[in-house]
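In: Fold the following for me, if possible:
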Amino acid sequence: MKVWNCSSFRNSFGAKKMSRKNLSIRCVGIDLGTSTIKTSFGGKRFRLASIIGEPNPAGFVGVTQDTSWENNLIITIDKEEWYVGELARVQSVLKIPLAREGKVKGIKEAKIAVLSALGVLHSESNQDVKYVVGTGVPVATSNTEMQELSKAIVGRHKYVIKNDATGEVRKINIHIVASPVLPEPYGCYYYVLKSRGIKRAFDAVIIDIGFGTTDILSIHKGAIVRPASGSTPDAIDTVAEKIASFLEEQTGHIIKAESLAAVLEKGTKVTISGASYDIKPQLEKVARFVAESIIDTLDRLLRNLPPQASIKYYILTGGGTYILGKYLREALIHRRYTTREQILIPDDPVMANAIGFELVAKYFAEKKLSASSKS
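Out: Got it, this is the predicted structure:
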């Protein structure tokens, strides 16, 4: 089986329009992030928490007002049952993060995540449907691991998902005919190309700011430059943890960094036990420090670029862009890496990778069907 990589199509971004015959294949983009699994399929986009866990029969079943599949997902694969996403985070005793230290935890866990996301999309119980799934993984994931994950995803899969809140069961029967697996920020790069109507690849650096890590991906002539790409633990949780410590000293209450990060995306005012605190001065100080630390990592990585590389754009993406984007832009300009005009932020930085991988999947679907029709 051929394992796909970006060099296969680095100068071929103008994929043909899907024909009626091609519509029989569903093209999905999935971004396996450190905090959330993002999924894009047509007009449907959703997120799952990047956690799987062991079942907890002692948990409360059917008492929640939220009955969505995304937050009540149980999957059974090969007779093994797993809680996925928010259900695992809240109910499981043993929790397994799907990504850590800038890479996927394991092939098995990543496969469970992909099949879970497809199960949420796949409303037709027991119908055999073909998919092409473009999947993004953290930058530190090796080429070998990406190839192994692609092999694990491709093929026929029969499994069961259950909504823990409603008791609804779906028997899933799907055939994944192709599965390009690439570093997460490549999805955003491809999305930027397509959304701007750019026909040929350009040199770029994508800075993907997540909750647990910030990924940096360098691209030269459409190809990923591995020595100039990497991850740093300086990310949103770094900001949130430092501010949480400050608030704990001020209030005497324990503040969870994950909950604080969600608040920081909306503003600088935090309410604790009925009292309001404006943390703008602390946020600006910490965010500037973290941004500078990310740029220090970027500086070390860019020394490994080929001498002829000429970075046209720096692209900022990921959910952390809402908090750190402003400060990273300032640092890039102040340290003379680039100009303001050469710094791009996609319309939806949270979902940009997944949207891009959906476009990658469409490219592969067209390519695979075209090859089949000629044979």
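
In: Ile243 is in contact with Lys256, correct?
Out: No: assessed by C-beta atoms under 8 Å, Lys256 is found out of contact with Ile243, at 11.6 Å. For glycine as for every other residue, the C-beta is placed from the backbone atoms N, C-alpha and C.

In: Settle it for me: which of those two has more neighbours?
Out: For Lys256 versus Ile243, neighbours defined as other C-beta atoms under 10 Å are more numerous around Ile243 (25 against 11).

In: Next up, the contacts around that one.
Out: Each residue near Ile243 by C-beta atoms under 8 Å, 6 or more residues apart in numbering is listed here: 260, 264, 279, 282-283, 286.

In: That one is in what secondary structure piece?
Out: helix 236-251 (DSSP states H and E).

In: Show me what the mean pLDDT comes to for that helix.
Out: What helix 236-251 shows for mean pLDDT is 90.

In: now swap in stretch 109-128 and tell me
Out: According to the model, stretch 109-128 has a mean pLDDT of 86.

In: can you pull the buried residues of it?
Out: Across stretch 109-128, burial judged by 16 or more other C-beta atoms under 10 Å covers 109-122.

In: before we move on, what about stretch 298-306?
Out: So stretch 298-306, judged by 16+ other C-beta under 10 Å, has buried residues 298, 301-302, 305.

In: circling back to that earlier point, go through the contacts of Ile243 and say which is closest to Ala361.
Out: Leu264 (32.7 Å; C-beta to C-beta).

In: contacting residues for the residue lying closest to that closest one once chain neighbours are set aside?
Out: Excluding the flanking residues, the one nearest Leu264 by C-beta to C-beta, 6 or more residues apart in numbering is Ile323, at 5.4 Å. The contact partners of Ile323, by C-beta under 8 Å, 6+ apart, come to 209, 236, 239, 261, 264-265, 283, 287.

In: so which of those residues is the most crowded?
Out: Busiest of the contacts of Ile323 [other C-beta under 10 Å] is Ile236, holding 31 neighbours.

In: how about the nearest residue to that one, chain neighbours excluded?
Out: Gly320 (4.3 Å).

In: what's the offset of the worst-scoring helix or strand of the chain on mean pLDDT from the middle of its chain?
Out: Counting by mean pLDDT, DSSP states H and E, the chain has its least confident helix or strand at strand 99-100, which shows a mean of 79. Mean-position distance between strand 99-100 and its chain equals 12 Å (C-alpha atoms, centre = their mean, to the nearest Å).

In: What strands flank that strand, and is each parallel or antiparallel?
Out: Sheet pairing of strand 99-100 (DSSP bridges) gives strand 103-104 (antiparallel).

In: contacts for the partner strand?
Out: Contacts for strand 103-104 (C-beta under 8 Å, 6+ apart): 32, 98, 110, 137-138, 140-142, 145, 149, 231.

In: how does it look with 10 Å?
Out: 32, 34, 50, 97-98, 110-111, 113, 135, 137-142, 145-146, 148-149, 181, 213, 231 (C-beta atoms under 10 Å, 6 or more residues apart in numbering).

In: Report the buried members of those.
Out: 32, 34, 50, 97-98, 110-111, 113, 135, 137-141, 145-146, 148-149, 181, 213, 231.

In: Please dump the contacts of Ile243 into JSON lines; it should also carry secondary structure, pLDDT and distance to Leu332 for every row.
Out: Output for these, formatted as JSON lines (DSSP: H, G, I helix; E, B strand; the rest coil; pLDDT from 0 to 100; distance: C-beta to C-beta, whole Å):
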{"residue": "Leu260", "secondary structure": "helix", "pLDDT": "85", "distance to Leu332": "26"}
{"residue": "Leu264", "secondary structure": "helix", "pLDDT": "83", "distance to Leu332": "21"}
{"residue": "Ile279", "secondary structure": "coil", "pLDDT": "89", "distance to Leu332": "25"}
{"residue": "Gln282", "secondary structure": "helix", "pLDDT": "91", "distance to Leu332": "23"}
{"residue": "Leu283", "secondary structure": "helix", "pLDDT": "91", "distance to Leu332": "19"}
{"residue": "Val286", "secondary structure": "helix", "pLDDT": "94", "distance to Leu332": "18"}
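
In: Can you add distance to Ala88 and give the residues you listed back as CSV?
Out: Below are the contacts of Ile243 laid out as CSV (distance: C-beta to C-beta, whole Å):
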residue, distance to Ala88
Leu260, 21
Leu264, 24
Ile279, 30
Gln282, 32
Leu283, 30
Val286, 30
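
In: And those, which is closest to Gly222?
Out: Leu264 (35.3 Å).

In: Surely that closest one touches Val270?
Out: Yes: in terms of C-beta atoms under 10 Å, Leu264 counts as a neighbour of Val270; the distance is 8.3 Å.

In: Please identify every residue contacting each of the two.
Out: Contacts common to Leu264 and Val270, judged by C-beta under 10 Å, 6+ apart, are 243, 279, 283.

In: Can you name the residues in contact with the least confident helix or strand of the chain?
Out: Taking C-beta under 10 Å, 6+ apart as the rule, strand 99-100 contacts 32-35, 37, 50, 105, 109-110, 113, 137-138, 140-141, 184, 210, 212-213.

In: Helices along this protein, start to end?
Out: 86-91, 107-121, 143-153, 184-195, 236-251, 257-264, 280-302, 321-334, 352-374 (DSSP state H).

In: Out of those helices, which gets nearest to Gly167?
Out: Judging those by C-beta to C-beta, what sits closest to Gly167 is helix 86-91, at 13.5 Å.

In: Ala99 versus the nearest residue to Glu168 once chain neighbours are set aside, what's the distance?
Out: Distance criterion C-beta to C-beta, 6+ apart; nearest residue to Glu168, sequence neighbours excluded, is Lys162 at 7.0 Å. Applying C-beta to C-beta, to the nearest Å, the value for Lys162 to Ala99 is 25 Å.
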